[in-house]
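Asker: output the structure for:
(2 chains)
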Amino acid sequence: MNGPGPTTALVLGGRLEPRELEPFGWRRLALRVGAPLAFAVIVVGAWQLYVALSAISESVLPSPLEVARALVRDRGVLAPSAWTTLSEVLLGYGVAIVVGVVLAVAVISSRLVEHALYPWLVISQLVPVPAIAALVVVWSGFGLGSKVLVVALVSFFPIAVNTIDGLRSSDRELIDLLRTLGANRRQQLRLARAPAALPYLFSGLRVAAVLSVIGAVFAEWVASYQTGLGYLILELGNETATAEEFAAVVLLAVIGIALFALVSLIERLALPWYRAANAEH
Amino acid sequence: MTALVAHGVAKTYPGRRPTQALADVSLVLGEGEFVSLVGPSGCGKSTLLRILAGLLAPSAGEIRLGDGEPDELLGRVGYMPQADLLMPWRRTLDNVTLGLELAGVPRAQARERARGELARFGLDGFERHWPRALSGGMRQRAALLRTFLAGRDVLLLDEPFGALDALTREELREWLLEVWEAERKTILLVTHDVEEAVFLSDRVFVMSSRPGRIRDIVDVPLARPRSIDLLAAPEFVALERRIRAPLREERASRVMVAPQ
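Answerer: Numbers count the residues shown, from 1 in each chain, chains lettered A, B, ... in the order given. Next up, the predicted model:
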């Protein structure tokens, strides 16, 4: 097999339909960004109109304008709280990724580990966090640690389960082919099972991104330390400062959407082949 | 010189009702020989190929490579199943270098060697494409290039053109002969297409229905290089008929033994 052989015109005469990736499209961008924006404008506009026309009390339903005003007016309280919650989310999410992926690899690498661990993975999700809130505080105090622990606890699960499914999804025949090429178990994992698992991992990461924000709010409720958007929402609700409460919710939504979008962006960049495959369906 | 010898190979799948897939298969592949294996469906052709590739342990018998002692086959015999099994996350070039990569060849060197073969395998200009963007015939040629580049002397091909349309199939047969005539690897090709078997092979092994045995060995003394015109030649048609007859008998006997 040295050097190029004779070129056969025959084989090049076939019906070749190379499907290249679509170039970056403004139409696609307009759809992805424009559509949700337009929808938001309609919803917010209708909301503003309803509040104006119905003379509903501000403490029951503040208008979008009042919420926007509260966002600006109370930025001195809101910004540090948002920062606190964001740190809880990012730290907890990071721990969840490491724990989820390590657990997944452990579960698929041995039957014994799988049978020993899998029930506990499920049980970890069945115990309500309030039930162990006191324990969480005892273990990790009222500080950042307890929040990170709760966030990691609620968000590692979809990462672990999806990654396990992904690592198991690889084609048995492909593994056999690798074996005939002399691949050992570690090479089979690296060359076939891990790449096949990545789309599953990213599905888990997106679900976990949303759960981690809910987890942070929850953690601030059960182990309050007088800061964070979750704590703020609870306090403002008690004071019927509804516009301010809505402002905090808006910030929470921004954190959640930003994290979700970031994960989706990384997926697009990291798995170009997966996008190419799905463009066909 | 012999390339591969199988002696008394049998395979029984255990279970509550054990299934005997292969009974006492013996065969010899000469170095540089092109041999086809035909047989009724379910006769254990694929089982035999998986055993020869080292993926499955036989219940009895032994297999030797060359004239050596019985040995570990896994990783020493080239194997290509019907599905192309190109990795969707690797571009075409990185798919075909898989065998070299696993043999420890540095990436740049592996790519260089693969690039030298792209034209001959009809993949020129497609090295950066994802496998999804290739046509069925091109994917099969890429899978074959991956098998060839792994550098084994004996190649086992399990219905490599089985999933392709008739035209592409015909094209690839001629092309495969051209590549093989340049390389002179030992090839054992499983197929259910008698015409394909006669057109490509030096010898054709006809298997019996389950449990599979080699029932007939038919020599194909047609001159090479062969072209598609050969398909209509009287001696070609006579050979086809010689192979079809035992196959038809096998099918008839199976219907009588096990009515469905």
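Asker: state the mean pLDDT of the lengthiest helix in chain A.
Answerer: Looking across chain A with DSSP state H, the single longest helix is helix A:75-109. Mean pLDDT, helix A:75-109: 95.
Asker: and the next helix or strand past that helix?
Answerer: Going down the chain from helix A:75-109, the next helix or strand is helix A:111-126, by DSSP states H and E.
Asker: got the buried residues for that next one?
Answerer: Residues A:117, A:121 are the ones in helix A:111-126 that count as buried (16 or more other CB atoms under 10 Å in any protein chain shown). Just so you know, the C-beta spots here come from the backbone N, C-alpha and C atoms, and that holds for glycine as well.
Asker: so what touches it?
Answerer: Applying CB atoms under 8 Å, 6 or more residues apart in numbering or on different chains, the contact partners of helix A:111-126 are A:103, A:106-108, A:153-154, A:157, A:160-161.
Asker: now swap in stretch B:17-35 and tell me
Answerer: By CB under 8 Å, 6+ apart, stretch B:17-35 touches B:1-13, B:44, B:47-48, B:51, B:58, B:60-61, B:153-154, B:180, B:184-189, B:200-205, B:210-214.
Asker: same deal with stretch B:183-194?
Answerer: A:1, B:3-4, B:29-39, B:41, B:45-46, B:49, B:52, B:78, B:148, B:152-162, B:180, B:197, B:200-201, B:240, B:243-244, B:247.
Asker: okay, how far is it across it, tip to tip?
Answerer: End-to-end distance of stretch B:183-194 (CA to CA, to the nearest Å): 24 Å.
Asker: buried residues in that stretch?
Answerer: B:185-194.
Asker: nearest to A:Val72 among those residues?
Answerer: Distance ranking of the buried residues of stretch B:183-194 against A:Val72, using CB to CB, places B:Val190 first at 74.2 Å.
Asker: remind me which residues of the stretch 51-200 of chain A are low pLDDT?
Answerer: Along the stretch 51-200 of chain A, no part satisfies pLDDT under 70.
Asker: which stretches in the chain count as helices?
Answerer: Unless you meant another one, I'm taking chain A. Taking DSSP H, the helices of chain A run over residues A:9-12, A:26-29, A:35-54, A:64-73, A:75-109, A:111-126, A:133-140, A:144-168, A:172-180, A:185-188, A:194-222, A:229-238, A:242-270, A:272-278.
Asker: try chain B instead
Answerer: Remark: helices assigned in chain B by DSSP H are B:45-52, B:92-96, B:98-102, B:107-118, B:136-149, B:166-183, B:194-200, B:234-257.
Asker: can you mark which positions in the longest one are buried?
Answerer: Along helix B:234-257, the positions that meet the burial threshold by neighbour count (16+ other CB under 10 Å) are B:236, B:239-240, B:242-243, B:246-247, B:250, B:254.
Asker: try the fourth one
Answerer: Going by neighbour count (16+ other CB under 10 Å), the buried part of helix B:107-118 is B:110-111, B:113-115, B:117-118.
Asker: okay, now the domains of chain B?
Answerer: According to automatic domain parsing, chain B comprises the domains B:2-76+B:155-257, B:78-151.
Asker: reformat the ones you listed as JSON lines; add mean pLDDT.
Answerer: Listed next are the domains of chain B as JSON lines, based on pLDDT from 0 to 100:
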{"stretch": "domain B:2-76+B:155-257", "mean pLDDT": "88"}
{"stretch": "domain B:78-151", "mean pLDDT": "92"}
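Asker: among these, which is the most enclosed?
Answerer: Greatest average neighbour count among the domains of chain B goes to domain B:78-151 (a mean of 20), per mean count of other CB atoms under 10 Å in any protein chain shown.
Asker: tell me which of the contacts of helix A:111-126 is nearest to chain B?
Answerer: A:Ile108 (18.5 Å; CB to the nearest CB).
Asker: give me the neighbour count for the closest one.
Answerer: Burial of A:Ile108 is recorded as 19 neighbouring residues (other CB atoms under 10 Å in any protein chain shown).
Asker: give me the nearest residue to it, chain neighbours excluded.
Answerer: Counting by CB to CB, 6 or more residues apart in numbering or on different chains, A:Ile108 lies nearest to A:Leu167, which is 4.5 Å off, once chain neighbours are set aside.
Asker: is it true that that neighbour touches A:Val105?
Answerer: Yes. The pair A:Leu167 / A:Val105 is scored as a contact, 7.2 Å apart, by CB atoms under 8 Å.
Asker: so for these two, which sits in the more crowded spot?
Answerer: A direct count of neighbours by other CB under 10 Å for A:Leu167 and A:Val105 places A:Leu167 higher, at 22 against 18.
Asker: flag every residue of the stretch 101-250 of chain A that's near chain B.
Answerer: Proximity of the stretch 101-250 of chain A to chain B, by CB under 8 Å from any CB of the partner chain, involves residues A:171, A:173-174, A:176-183, A:187, A:191-192, A:195-196, A:198.
Asker: mind doing that once more with 10 Å?
Answerer: The stretch 101-250 of chain A comes close to chain B at residues A:170-171, A:173-184, A:187, A:191-192, A:194-196, A:198-199, as judged by CB under 10 Å from any CB of the partner chain.
Asker: so what's B:Glu240 up against?
Answerer: B:194-195, B:197-199, B:204, B:218, B:231 (CB atoms under 10 Å, 6 or more residues apart in numbering or on different chains).
Asker: so which of the buried residues of helix B:234-257 is the closest to chain A?
Answerer: B:Phe236 (20.5 Å).
Asker: any idea which residue sits dead centre in chain B?
Answerer: Residue closest to the average C-alpha location in chain B (CA atoms, centre = their mean): B:Leu157, at 1.9 Å.
Asker: ok, it - contacts?
Answerer: Contact partners of B:Leu157, counting by CB under 10 Å, 6+ apart, are B:36-37, B:49, B:78-82, B:143-144, B:147, B:176, B:187-191, B:200.
Asker: if I look at the residue in the stretch 101-250 of chain B that chain A sits nearest to, how far off is B:Gln140?
Answerer: In the stretch 101-250 of chain B, the residue that lies nearest chain A is B:Gly122 (3.2 Å; CB to the nearest CB). Look at B:Gly122 and B:Gln140: by CB to CB, to the nearest Å, they are 10 Å apart.
Asker: got it, and B:Arg210?
Answerer: B:Arg210 is 28 Å from B:Gln140, where distance means CB to CB.
Asker: same deal with B:Tyr79?
Answerer: Computed as CB to CB, the B:Tyr79 to B:Gln140 distance reads 15 Å.
Asker: swap in B:Leu231?
Answerer: Using CB to CB, B:Leu231 is found at 21 Å from B:Gln140.
Asker: kindly report the same for A:Ala219.
Answerer: A:Ala219 is 55 Å from B:Gln140, where distance means CB to CB.
Asker: list the residues that contact residue 85.
Answerer: Unless you meant another one, I'm taking chain A. Per CB under 10 Å, 6+ apart, neighbours of A:Thr85: A:147, A:151, A:213, A:216-217, A:219-220, A:227-232, A:248, A:251-252, A:255.
Asker: not quite, go with chain B.
Answerer: A:171, A:173-178, A:192, B:95, B:98, B:131, B:139, B:143, B:146.
Asker: cool, A:Ala216 as well?
Answerer: A:84-93, A:147-148, A:150-151, A:154-155, A:228-230, A:252, A:255-256.
Asker: check B:Trp89 too.
Answerer: Contacts for B:Trp89 (CB under 10 Å, 6+ apart) come out as A:191-192, A:194-196, A:198-199, A:271-274, A:276-277, B:95, B:130-131.
Asker: buried ones among these?
Answerer: Among the contacts of B:Trp89, those classed as buried by 16+ other CB under 10 Å are A:191-192, A:194-196, A:198-199, A:271, A:273-274, A:276-277, B:95, B:130-131.
Asker: please name the nearest non-neighbouring residue to B:Glu72.
Answerer: B:Gly54 (6.6 Å).
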